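> Got a predicted structure plus its sequence, pasted below:
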Amino acid sequence: MKYILLFVFLSLIIAGCSQDKTQPTPEPQPAPAPQPSKIWGNATPTPQPTPQPEPTPTPTPRPQPDPSAQPIPIINEEWISVFILCPGDYVTVIAEDSFAPIAGAEVIASKDCSNQYTFSTKTNNEGRGVLPELQPGRYCIKAKKIGYLEINKEVILGSGQYSCNIPPTPTPTPQPEPAICRDSDNGTDTRIRGTTTKGEIIRTDTCDGNRILEYYCTDNDLYEISQVCDYGCSDGRCNPESTPTPPPASTCTDSDGGKNYNVKGTVMKGTNEEDRATDVCLTLDPTVLAEFYCDSAGNIRSEEYTCPNSCSDGSCTTGTPTPEPEDICTTNNECGYKKACINGKCESVQCTTSSQCTGCKKCSGYSCVRCGYGPYGCTC
């Protein structure tokens, strides 16, 4: 097809050049009018006009072509077709007859068919270009390339055959505010059990044996660290340095409140069952009561008291006691059982000899004191 069109085009050019070289044809002269002649008699000859020489025709000069205005030969007389369906879609430019894509074609779109808002693109090797700036509306589309017939068309994008399913402009989804990291114990304080949170993440300090897993915040991020507790870990915190607790001071208690001869009482020092004594009537003298009590230093003391009537079950029977005369002495031998000569007077004591003490005890300072135990038993 293309070669046929080229041959016709060249034939027309050659024919035009041949006509330019032909000499102009002279204009025909009018013939002289016929004269009447006699049939009978002598005819008088009619004078003939003197022939005039024919004028030499002047050739008309042929116009010369302007070398600056040479026409561009149309090599391919096909129309360009433009297919543009939706804003932002590919603009496809093809030849109308052969349906072959045209590369390098310039496509210009004018909004409202004016030159105020103009968008343009060039097609690639597949005959495609993109006009992403187009919005629905009226446009004049022009597609051109040297060697093809230019096309101009008016389209209305968004209606009719150029209708588009234009998606609505998406509404931006509000982004949640970034979560803030918070720590109730304000850092890596292993002495306090804390809880650290960030968003939905919640971590509480916990113990793992003698180690603590401590959670804390740094640069708004949640971290964890494992540390050894020197004094052990309990309840999500490191134990403080232990201070030795002094043993409780031994206290002396008397159930009958002191020297109460008419009430049987028991005296006890501390919690040791061996450091206790109960009021008792002496066997050798049924009127004598061994009354135990606590002195001001918290030690157990005893006193032998002679009941005014009699002694029974660790207490004197009811009656008014008769005061005994003061015993004047110089040695313990001058005093009675479990009595010692103190400041020249016989005073009742817990013991004067170790035989008067029970258990692993010995008499020291008129009091029964406990002895220790060795490999062979009591060390008294």
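That came through, no problem. Numbering: from 1, shown residues only.

> residue ranges for the strands of the stretch 101-250 of the chain, please.
Taking DSSP state E, counting those that start in this stretch as the criterion, the stretch 101-250 of the chain carries its strands at 106-111, 118-122, 128-130, 137-144, 151-157, 181-183, 195-198, 201-204, 206-208, 211-218, 221-228, 233-234, 237-238.

> So which of these is nearest Y293?
Nearest of these to Y293, taken as Cβ to Cβ: strand 233-234 at 45.6 Å. Any C-beta I mention is one placed from the backbone N, CA and C, and that applies to glycine too.

> what about that closest one, average pLDDT?
Averaging pLDDT along strand 233-234 gives 92.

> strands paired with it, and their directions?
Paired strands of strand 233-234, with direction, are strand 237-238 (antiparallel) (DSSP bridges).

> Is it possible to get a markdown table of the strands of the stretch 101-250 of the chain that adds distance to C380 and mean neighbour count?
Converted to a markdown table, those look like this (distance: least, Cβ to Cβ, whole Å; neighbours: other Cβ atoms under 10 Å):
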| stretch | distance to C380 | mean neighbour count |
| --- | --- | --- |
| strand 106-111 | 122 | 19 |
| strand 118-122 | 119 | 14 |
| strand 128-130 | 114 | 17 |
| strand 137-144 | 121 | 19 |
| strand 151-157 | 120 | 15 |
| strand 181-183 | 63 | 18 |
| strand 195-198 | 61 | 18 |
| strand 201-204 | 58 | 13 |
| strand 206-208 | 49 | 14 |
| strand 211-218 | 51 | 19 |
| strand 221-228 | 49 | 13 |
| strand 233-234 | 44 | 18 |
| strand 237-238 | 48 | 22 |
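
> could those go into JSON lines alongside distance to L282?
Below are the strands of the stretch 101-250 of the chain laid out as JSON lines (distance: least, Cβ to Cβ, whole Å):
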{"stretch": "strand 106-111", "distance to L282": "133"}
{"stretch": "strand 118-122", "distance to L282": "132"}
{"stretch": "strand 128-130", "distance to L282": "127"}
{"stretch": "strand 137-144", "distance to L282": "131"}
{"stretch": "strand 151-157", "distance to L282": "131"}
{"stretch": "strand 181-183", "distance to L282": "75"}
{"stretch": "strand 195-198", "distance to L282": "71"}
{"stretch": "strand 201-204", "distance to L282": "70"}
{"stretch": "strand 206-208", "distance to L282": "63"}
{"stretch": "strand 211-218", "distance to L282": "66"}
{"stretch": "strand 221-228", "distance to L282": "66"}
{"stretch": "strand 233-234", "distance to L282": "57"}
{"stretch": "strand 237-238", "distance to L282": "62"}
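
> And these: which comes nearest C329?
Comparing these by Cβ to Cβ, strand 233-234 comes nearest, at 63.5 Å.

> which residues are contacting the closest one?
By Cβ atoms under 8 Å, 6 or more residues apart in numbering, the residues outside strand 233-234 that reach it are 207-212, 239.

> Including pLDDT and distance to G270, could those residues go into a markdown table?
Formatted as a markdown table, those follow (pLDDT from 0 to 100; distance: Cβ to Cβ, whole Å):
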| residue | pLDDT | distance to G270 |
| --- | --- | --- |
| C207 | 94 | 37 |
| D208 | 92 | 41 |
| G209 | 91 | 38 |
| N210 | 91 | 35 |
| R211 | 93 | 40 |
| I212 | 93 | 39 |
| N239 | 92 | 30 |
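
> which of those residues are the two that sit furthest away from each other?
Taking Cβ to Cβ, the two most distant members of the contacts of strand 233-234 are D208 and N239; they sit 14.3 Å apart.

> Outline the domain layout of the chain.
Per the record, the chain has its domains at 80-162, 181-238, 252-372, by automatic domain parsing.

> related to what we said a few turns ago, which one of the strands of the stretch 101-250 of the chain lies nearest to Y305?
strand 233-234 (55.7 Å).
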